[in-house]
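# pasting the structure only:
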């Protein structure tokens, strides 16, 4: 199956710093990538959807200036958490869907990034 | 009201037994339905899609009831390795060309020896 990687797998940072998380599709071209966040014992919450070469679309309540998303190529999307605070500590997961994928087509998930902000 | 609701469990199941649980969704226009499995501190992995006529994949059987807006998952002959959280996932909008998925919070299954 398709492989999606994320880097780093976990990160600990000080409050006020910025953290960049990379999401890569390793063996397919991902025209659409999704960024999710999951707090303990809660469901995955979609933060934003990004299409290669265009601006990301953010879900209601997600600050676009705080969570910067760049999808510069068909195999890479990045999420930057700017001025991170302890409440941003969470499990961040990306997923990717291949070119030509129809709505509802399988999304391939990365292994996730655990962010802990001290 | 949540878009996708699940009984959080846990469902404690003896090895070899059968367990079944449901998930309800609120948007009647939802088109695609899936069951994902998520192990502790890992990413979700697709278990199976759910088709209108119901479908089976080995020991796993999924059913869709559009009239009552729920889907179900049944696991037969439970294995210890089936212990996980099972996520109900719905594509909430047929007009959404990006195929956004809505996740339930998951049902925890614990299979005991």
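Perfect, I can see it now. Note that the structure is predicted; figures quoted are calculated from it, not measured.
# what is the burial count for residue 27?
Answering for chain A, as no chain was given. Per other Cβ atoms under 10 Å in any protein chain shown, the neighbour tally for residue A:27 reads 11. Heads up, the C-betas are built off the backbone N, CA and C, glycines and all.
# if you could check chain B rather than the one you did, that'd help
Neighbours around residue B:27, by other Cβ under 10 Å: 15.
# is stretch B:104-111 positioned near chain A?
Yes - residues of stretch B:104-111 contacting chain A under Cβ under 8 Å from any Cβ of the partner chain: B:104-106.
# now, among the residues you listed, which is nearest to chain A?
When the residues of stretch B:104-111 next to chain A are ranked by distance to chain A (Cβ to the nearest Cβ), residue B:105 comes first, at 4.1 Å.
# mean confidence (pLDDT) on the helix or strand where residue A:22 lies, please.
According to DSSP states H and E, residue A:22 maps onto strand A:19-25. Taken as a whole, strand A:19-25 has a mean pLDDT of 96.
# give me the secondary structure label for the nearest residue to residue A:54 once chain neighbours are set aside.
Among residues not flanking residue A:54 along the chain, residue A:71 sits closest, at 7.7 Å (Cβ to Cβ, 6 or more residues apart in numbering or on different chains). At residue A:71, secondary structure determined by DSSP: H, G, I helix; E, B strand; the rest coil is strand.
# contact partners for residue A:71?
By Cβ atoms under 8 Å, 6 or more residues apart in numbering or on different chains, the contact set of residue A:71 is A:33, A:50-54, A:56, A:77-78.
# the bottom helix or strand of chain B by mean pLDDT?
strand B:101-103 (a mean of 88; mean pLDDT, DSSP states H and E).
# what's that one packed up against?
strand A:45-51, strand B:84-91 (3 or more Cβ pairs under 8 Å, 6 or more residues apart in numbering or on different chains; DSSP states H and E).
# please identify the deepest-packed of these.
strand B:84-91 (a mean of 24; mean count of other Cβ atoms under 10 Å in any protein chain shown).
# and residue 107, its phi and psi?
In the absence of a named chain, chain A is used. Residue A:107 adopts backbone torsions of phi -100, psi 140, taken as degrees, to the nearest 10.
# was after chain B, sorry
Given degrees, to the nearest 10, the pair of backbone angles that residue B:107 has is phi -120, psi 120.
# how much space is there between it and residue B:113?
21 Å (Cβ to Cβ, to the nearest Å).
# same thing with residue B:34?
From residue B:34 to residue B:113 the distance is 30 Å (Cβ to Cβ).
# between those two, who's got more neighbours?
residue B:34 (22 against 6).
# now do the residue nearest to that one when sequence neighbours are not counted, the pLDDT please.
Of all residues not flanking residue B:34 in the chain, residue B:89 sits nearest, at 4.3 Å (Cβ to Cβ, 6+ apart). In this prediction, residue B:89 carries a pLDDT score of 92.
# hmm, residue B:89 is touching residue B:104, no?
Yes - applying Cβ atoms under 8 Å as the test, residue B:89 and residue B:104 come out as touching, 7.2 Å apart.
# shared neighbours, these two?
With Cβ under 8 Å, 6+ apart as the test, residue B:89 and residue B:104 both reach residue B:4.
# middle-most residue in chain A, spatially?
residue A:35 (3.3 Å; Cα atoms, centre = their mean).
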